[in-house]
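# dropping the sequence and predicted coords here.
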Number of protein chains: 2
Amino acid sequence: MKQLEKLIERIIYRVNINLREHGLFDVEPYILEIVPISQLVKFYAFYGISSHHPLYFHFSNSNLAGSYFLGKCTVDNSVLYKSDIRGDELKLKGDFFHFEGAEIALDHDEKISVSDSFLIKTLVHNYSHDPENLEEFIIKNTASTSYANIHGAPVEGCFLGPFSTIDLTTLHDCVIGRFAYVQVGEMIHQWVEPGSILIKKTDEFDFSYHFTENVLNQYIRFETGKRPQGIFMDFVENRKEDFQEVFNVVHRKPQKAVPSGASISQYSVFKGKSRISENVLIAQRSYLENALLGKGSNAQENCYIINSKLDGFNVTAHGAKIINANLGLRVFVGFNSFLHGKPGCLLDIGKGSIIMPHTIIDLKEPVSIPSDYIVWGYVTNQADLEQHSMPLEKFSAIDGKVNLGSMNFNGSGYAFVKAFRDRIEHILEANGAFFDGSKHRGHAQKGQNIAYNIIQPYPMGANKGIYPTIDIVL
Amino acid sequence: MKQLEKLIERIIYRVNINLREHGLFDVEPYILEIVPISQLVKFYAFYGISSHHPLYFHFSNSNLAGSYFLGKCTVDNSVLYKSDIRGDELKLKGDFFHFEGAEIALDHDEKISVSDSFLIKTLVHNYSHDPENLEEFIIKNTASTSYANIHGAPVEGCFLGPFSTIDLTTLHDCVIGRFAYVQVGEMIHQWVEPGSILIKKTDEFDFSYHFTENVLNQYIRFETGKRPQGIFMDFVENRKEDFQEVFNVVHRKPQKAVPSGASISQYSVFKGKSRISENVLIAQRSYLENALLGKGSNAQENCYIINSKLDGFNVTAHGAKIINANLGLRVFVGFNSFLHGKPGCLLDIGKGSIIMPHTIIDLKEPVSIPSDYIVWGYVTNQADLEQHSMPLEKFSAIDGKVNLGSMNFNGSGYAFVKAFRDRIEHILEANGAFFDGSKHRGHAQKGQNIAYNIIQPYPMGANKGIYPTIDIVL
């Protein structure tokens, strides 16, 4: 395992150099404990072969344990543990990228390029929203920890805490605290405090919310020299055994008939009385137990839907969790949100409502959210909604500054709500929610025919845990 | 599937052009029926990653359904269906190849190179014995059918019938009939009749045996436009379901404790009251049911050992079948031999005996073969042994011509027996039968730590069934 140890040491040096201006910050004690090195030799990596995406994979001098790849991608000198790298929305040669009125044509197909990085249970998806690097979605000199999301967000020289999300943002030399959400376009040399929710569009709007340290510590703690702890970690750890069988089988038939236009990833858990309708996408590493998903819904990577009913055209984004809840039509649940009803204490969400990314709704009494509301922050009872939600219509009418509890907003509420709504529409479309048998094909339909190649590391010797160099092209 | 259909057509043209002087011989009606094209998209290929063999794989424009690869290998423009390509005895850079007193050093590691060929359930193993091509074991413009063995035998422009074996022989533009065995050094532009057993070493010996058409047809028939038929095919077809689970699991733990120095391939069937001792090798696609294997024995690819006891240091070569039999120490059973006792009708073979490749012993009464005998041809009762066996000592004493039944021998019996004995010793050694805990390591020990990569074809579209181009290196 000498090579693998050297590799990890090398990545730590590189990340630390990038982060040197943040004083004495050292990523080593954070990342070394998350995954014992013996785990890195236990799992295989897999990549999807499909006729829907241009094929190009290249791996060298890397450990890819348990990771999933789809689409054009290169990985060099990196450790990726149980990470999902989904390149099925990358830009293609000849596409136009629109940025502030300009239209820029792509020279060649975009690819995701991971180098000198350490990604643990990280989701990487979408395409680079960096107008300066159209053909490459770069992840470099970066350490990213459990259940972080890197979504359309090129990163260089960064450290991402557990359950953090960077979304449509280019990041240089930043530290992103645990459970922080950042969607700000570009960010350089900053330290984002844990539990900060930052959404900003220059000249249009600026939204922020901060979880209190007290609340945050219940859900997710991360101390040097220890693995992440708290309710979020307990929740996923308690369900990880269900995935074991899933990953030990080469071809797995769906346990139930899959409705027309729908697909259930063979690498998902689908148990209890779960049932889905047409055009539903169940992505890999998603978890359904007694879940009813109406037409056109999608359950994205690392999401959990348990004892819940979703009426249709619902988006359950990467890492979101929905337990003991009823969701109306077109309810959107953002990244890593934790919606936790209890058997005697259900959560009801009316149609068209938006649960913002990184929202925690953990019930002490039954809670009902009306239709067409937007919700953020921390909610445990009906009264909490006062300071953590607003009718979408009212939010749209904001023009200027609004403070509500720990939420601060400045700018055009209309532009903010429209940005969310446009995005939800795009997600439904991209996932094939509107497929009519011939037109509007999306991931749900394209995902029906993916073959998975399984690649393994050297099983022993100095290279133990290192994957042989592999190139795959059409 | 258009690409795959084109590929098969292209291979057929190439083989037929090589075989054009054999009159109207056309391989198409033979090979098209063996495997329906729909089967070629159903299985994955797998290659072993181990620190014991130099790693280099390259595949392009090929279908590899169900095939197994180990060691340095390239495959281009070929269809390989459930074939085993075992490159763990290839020559290495700096090795010396000995040929007729000369010592030739190798420029670089040898690799197996398969191109423009169609190999169905074919075993390829060992290294090229062609003194003209030391660094490359070439299989080109060749169609090889069910359970044929290509063993250290480079082939160009050939057709190999089902259950045929070419062994340590370079072959150009030949047709090898079903169940024929050829070990003659080099063969050019010949048509070998079905059921011919030919073993020849220039200036030393010349052995031949021919099965009658009548006997052969019971065991293996092969008509144009039909799949191979007969007792051999029924035997393997009846057991193929046992392999289904084996190939659907990524990591499979041995069901029983594996003795020290031994290995059981995760891609073998090991059922009933089977038990093995130290330093035993159970290769992939071998089948054990109520089989007891003593120390240092090996069960090679596609072999079956059922309701039988093998005392130790036994070689069961590729494709050999042993049912209801007791074998003494160091009994050797050659390629594709069929030793078929019945519950009331056991076969006993005394220690040190050699069952030649392609021998059929199919009992109508109990048969006992003494120690240190050599056996060939077709045996159904004790009396048949008269014309189909001889004490090894007596055979060694032959100097000149001997005819016995359908067996013809000319030359030095001593050289013939010595060649067999040397080879058996080499096989035991290479397989690790003599491993003492530190020295004499062989396949049984090296096979304990192989990781299997699983590669899949395009699941749909014009490229359906074609595998993406893959390169793997250290």
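In hand now; what should we look at? Just so we're clear, the structure is a prediction, and the values are computed from it rather than from any experiment. Numbers count the residues shown, from 1 in each chain, chains lettered A, B, ... in the order given.
# first-to-last residue distance for stretch A:349-359?
Start to finish, the residues bounding stretch A:349-359 are 14 Å apart (C-alpha to C-alpha, to the nearest Å).
# model confidence score at A:Gln255, please.
For A:Gln255, the model assigns a pLDDT of 65.
# near chain B, which residues of the stretch 251-400 of chain A? Just list them.
A:His251 (C-beta under 8 Å from any C-beta of the partner chain). Yep, even glycine has a C-beta here, placed from its N, CA and C like the rest.
# and the residue of the stretch 251-400 of chain A closest to chain B?
When scored by C-beta to the nearest C-beta, the stretch 251-400 of chain A has A:His251 as its residue closest to chain B, at 5.9 Å.
# from B:Phe247, how far out is that residue?
To B:Phe247, A:His251 is 9 Å away according to C-beta to C-beta, to the nearest Å.
# who's more crowded, the two?
The neighbour count for A:His251 versus B:Phe247, taken as other C-beta atoms under 10 Å in any protein chain shown, is higher for B:Phe247 (20 against 13).
# touching, the more buried one and B:Tyr68? I think so.
No - at 10.0 Å, B:Phe247 does not count as touching B:Tyr68 under the criterion of C-beta atoms under 8 Å.
# now do the shared contacts for these two.
Counting by C-beta atoms under 8 Å, 6 or more residues apart in numbering or on different chains, the contacts common to B:Phe247 and B:Tyr68 are B:Tyr267.
# name the nearest residue to the residue in the stretch 51-200 of chain A positioned nearest to chain B, sequence neighbours excluded.
Nearest residue of the stretch 51-200 of chain A to chain B: A:Ser51, at 3.4 Å (C-beta to the nearest C-beta). Nearest residue to A:Ser51 in three dimensions, chain neighbours excluded: B:Gly461, at 3.4 Å (C-beta to C-beta, 6 or more residues apart in numbering or on different chains).
# in the stretch 251-400 of chain A, where is pLDDT below threshold?
Flagging of the stretch 251-400 of chain A using pLDDT under 70 yields the residue ranges A:255.
# that older thread, how many neighbours does the residue of the stretch 51-200 of chain A closest to chain B have?
With neighbours defined by other C-beta under 10 Å, the count for A:Ser51 comes to 17.
# who's in contact with the residue nearest to A:Asn149 when sequence neighbours are not counted?
In this structure, A:Asn149 finds its nearest non-sequential neighbour in A:Thr165, 4.1 Å apart by C-beta to C-beta, 6+ apart. Residues in contact with A:Thr165 (C-beta under 8 Å, 6+ apart) are A:148-149, A:151, A:180-182, A:319, A:335-336, A:357-358.
# same thing with A:Ala262?
Contact analysis of A:Ala262 by C-beta under 8 Å, 6+ apart lists A:276-282, A:444.
# what about the residues you listed, which are in strands?
Within these, residues falling in strands by DSSP state E are A:276, A:281-282.
# which of the residues you listed has the largest number of neighbours?
Within the ones in strands among the contacts of A:Ala262, neighbour counts (other C-beta under 10 Å) peak at A:Ile282, which reaches 31 neighbours.
# bridging residues for that one?
Counting by DSSP bridges, A:Ile282 forms beta bridges with A:Ile264, A:Ala299.
# report how many residues lie close to A:Phe420.
17.
# how near is it to A:Ser196?
Noted for A:Phe420: a distance of 19 Å to A:Ser196, by C-beta to C-beta.
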